[in-house]
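quick check, what structure comes out for this input:
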Amino acid sequence: MAKMSEGVYRVTEIIGTSKTSWEDAAKNAVHTAAKSLRDLRVAEVGKLDMKVENGKVVAYRARVMLSFKYDG
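Have a look, this model is predicted:
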């Protein structure tokens, strides 16, 4: 029987922003997190919203649930 890999994972919520789209906002969140977190596993967009000023959309925001594996 093959040995099963064990591990411990953390899920954290981060918010990415973009002036152009929700997709770019989510990508920005993951790209930035990847600079300081290793072994990212899953990114799930949980909520999308927009920042509005004077009746105009000025930014898109994506709340991303991001999981990564603890070392060890």
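
quickly note the distance from S67 to V45.
Noted for S67: a distance of 13 Å to V45, by Cβ to Cβ, to the nearest Å. From N, CA and C alone the C-beta is placed, and that goes for glycine too.

whoops, I mixed them up, S18
From S18 over to V45 (counting by Cβ to Cβ), the distance is 13 Å.

any common contacting residues for these two?
A62 (Cβ atoms under 8 Å, 6 or more residues apart in numbering).

in the protein, which residue is closest to the centre?
By Cα atoms, centre = their mean, the chain has its centre lying nearest to V64, at 3.7 Å.

now the strands for the chain?
For the chain, the strands defined by DSSP state E cover 9-18, 40-53, 56-69.

any stretches of this protein with poor pLDDT?
1-5, 72 (pLDDT under 70).

hmm, 80 instead?
Within the chain, the stretches with pLDDT under 80 are 1-6, 71-72.

list of residues touching stretch 44-57?
Residues from elsewhere that reach stretch 44-57 (Cβ under 8 Å, 6+ apart): 13, 17, 22, 25-26, 58-66.

ok, stretch 62-72 next?
Stretch 62-72 is contacted from outside by 7-18, 22, 25-26, 29-30, 33, 37-49, using Cβ under 8 Å, 6+ apart.

what comes up buried for it?
Of the residues in stretch 62-72, A62, R63, V64, L66, F68 count as buried by neighbour count, 16 or more other Cβ atoms under 10 Å.
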